[in-house]
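In: Whatever this is, show me its structure:
(2 chains)
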Amino acid sequence: MNEKRMIEEDQHFEDVIAEESICIQENIVYEKPDTLTDTPFHYCPGCGHGVAHRLIAEVISELNIQEETIGVAPVGCAVFAYNYLNIDMTEAAHGRASAVATGIKRVLPEKYVFTYQGDGDLAAIGTAETLHTCNRGENVLIIFINNATYGMTGGQMAPTTLPNMKSTTSPFGRDIATMGHPLKMTDLVAQLPGTYYVTRQAVHKPGNVRKAKKAIMNGFKYQKENKGTCFIEIVSNCPSNWKMTPRESNKWLEENMIPYYPLGDLKIPNVKEN
Amino acid sequence: MAKVKGDIVIDIEKCKGCELCIEACPQESLETSRQVNQKGYLYIVKIEDNCTGCVNCALVCPEGAITVYRKVDKKKEHVAKITNVTKDINITVNE
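Out: Coordinates of the predicted model:
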């Protein structure tokens, strides 16, 4: 009896030893990348922008190109992107981020240049700049966050707003007869000969986040090959302007956005990957 | 069998309580707390001790507020214990 209790005590002791000291530096499997600053994001709770920022920061940290990367921030919700990414960044006029990136890349061809734009910036006011940058085949990476609304200005209808989707400027739903069809920018630029890698990803589930990270990684790597523009669309949510909780918005995104904007690679380089 | 033990640390001042990590957690070990942080958000806390360190919560966290730790104990049955000395010594054999 006494012996049995001693064995139990020994086991308890071992368990205590085993439970201790898991939260130490060598056991870390995931932490905030060092390219991301300590500034808290100003985005609404549950917004996909935070995940997209973190993925870019992770890729830059993993490739160790922090000092060779120049980002171009847009006008829109991501206007303060330069506060969060610990790299050289500049701000562009509304919609002109890809034009600014063209200038930077031509002056400093050795640097990695990327733009980070929303759908109001890239697909509405900056359509011409984006299409011509892709058509000229500039060696920049364009990251396009598509949340089907104008987030910063209060949820007006965007070119990417889905049919019958309500917004503050289409309160009865988007009527295709008078307001046109949603603009599929990614499909559009995939047709242009200047683009090298065109893909559409999402960040609403862990698996999609991993795929999106891989796509951003490819986008940065392909810049060294000087073959053309890389274009990555990230389908994201906007809980505040969709008037939903973050969990509901992700469910809505999966049920409505993904069928209209199917995920996957639209244009991949012909070279075989090793 | 290798035993996987995980743990997470949530930066409660960064957390905005969006509950996406609760949905992503396969072990259902996360829950919204009853208290608010400095910004007034109901932050997320870990309530169960069954974390495996699968990183799902950290991947979907829009704030980057979650740090994940994981430890794999290999071959626990090979642990021998030497007693009858001045201090107990644990010897672990890793194969």
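In: ranges for the strands of the chain?
Out: Just so you know, I chose chain A. With DSSP state E applied, chain A shows strands at A:28-30, A:69-73, A:88-91, A:112-118, A:141-146, A:195-202, A:229-235, A:264-267, listed in chain order.
In: Wait, chain B was what I had in mind.
Out: B:3-10, B:30-36, B:42-46, B:66-73, B:80-82, B:89-91.
In: possible to save those strands as JSON lines with mean neighbour count?
Out: For glycine as for every other residue, the C-beta is placed from the backbone atoms N, C-alpha and C. Below are these laid out as JSON lines (neighbours: other CB atoms under 10 Å in any protein chain shown):
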{"stretch": "strand B:3-10", "mean neighbour count": "18"}
{"stretch": "strand B:30-36", "mean neighbour count": "13"}
{"stretch": "strand B:42-46", "mean neighbour count": "19"}
{"stretch": "strand B:66-73", "mean neighbour count": "18"}
{"stretch": "strand B:80-82", "mean neighbour count": "10"}
{"stretch": "strand B:89-91", "mean neighbour count": "10"}
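In: Throw those into a markdown table and include mean pLDDT and distance to A:G151, thanks.
Out: Converted to a markdown table, those look like this (pLDDT from 0 to 100; distance: least, CB to CB, whole Å):
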| stretch | mean pLDDT | distance to A:G151 |
| --- | --- | --- |
| strand B:3-10 | 89 | 26 |
| strand B:30-36 | 93 | 25 |
| strand B:42-46 | 93 | 23 |
| strand B:66-73 | 90 | 24 |
| strand B:80-82 | 58 | 60 |
| strand B:89-91 | 65 | 56 |
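In: Residue numbers of the stretch 151-274 of chain A in contact with chain B?
Out: Residues of the stretch 151-274 of chain A lying close to chain B by CB under 8 Å from any CB of the partner chain are A:V203, A:H204, A:K205, A:P206, A:V209, A:R210, A:P239, A:T245, A:P246, A:R247, A:N250.
In: Please, a ChimeraX command that selects the buried ones among those?
Out: In ChimeraX, this line selects whichever of those come out buried by 16 or more other CB atoms under 10 Å in any protein chain shown:
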select /A:203,204,205,206,209,239,246,247,250
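In: Those residues of chain B touching chain A, which are they?
Out: So chain B meets chain A at B:5-7, B:9, B:13-14, B:16-20, B:23-24, B:41, B:53, B:55-56, B:58-71, B:73, B:79, B:81 (CB under 8 Å from any CB).
In: Extract the residue ranges of chain A that are flagged as low pLDDT.
Out: A:1-21, A:271-274 (pLDDT under 70).
In: Leaving out the residues flanking it, which one is nearest to the most centrally placed residue in it?
Out: The residue lying closest to the centre of chain A (CA atoms, centre = their mean) is A:A52, at 3.4 Å. Leaving aside its sequence neighbours, A:A52 sits nearest to A:I234 (CB to CB, 6 or more residues apart in numbering or on different chains; 5.4 Å).
In: ok, the one you found touching A:N146?
Out: Yes. Using CB atoms under 8 Å, A:I234 is in contact with A:N146, at 6.9 Å.
In: of all of chain B, which residue lies closest to chain A?
Out: Evaluated by CB to the nearest CB, chain B has B:P62 as its residue closest to chain A, separated by 3.0 Å.
In: Could you check how many residues crowd around that residue?
Out: 26 (other CB atoms under 10 Å in any protein chain shown).
In: List the contacts of it.
Out: A:41, A:43, A:45-51, A:54, B:16, B:18, B:20 (CB atoms under 8 Å, 6 or more residues apart in numbering or on different chains).
In: List the ones among those residues that fall in helices.
Out: Using DSSP state H, the members of the contacts of B:P62 that fall in helices are A:G48, A:H49, A:G50, A:V51, A:R54, B:L20.
In: between those residues, which is nearest A:A128?
Out: A:H49 (24.6 Å; CB to CB).
In: my read: that closest one touches A:H42, true?
Out: No. Using CB under 8 Å, A:H49 makes no contact with A:H42, being 9.5 Å away.
In: how about JSON lines for the residues of the stretch 151-274 of chain A next to chain B, with distance to A:G126 added?
Out: Below are those laid out as JSON lines (distance: CB to CB, whole Å):
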{"residue": "A:V203", "distance to A:G126": "22"}
{"residue": "A:H204", "distance to A:G126": "25"}
{"residue": "A:K205", "distance to A:G126": "29"}
{"residue": "A:P206", "distance to A:G126": "31"}
{"residue": "A:V209", "distance to A:G126": "26"}
{"residue": "A:R210", "distance to A:G126": "29"}
{"residue": "A:P239", "distance to A:G126": "25"}
{"residue": "A:T245", "distance to A:G126": "31"}
{"residue": "A:P246", "distance to A:G126": "28"}
{"residue": "A:R247", "distance to A:G126": "32"}
{"residue": "A:N250", "distance to A:G126": "27"}
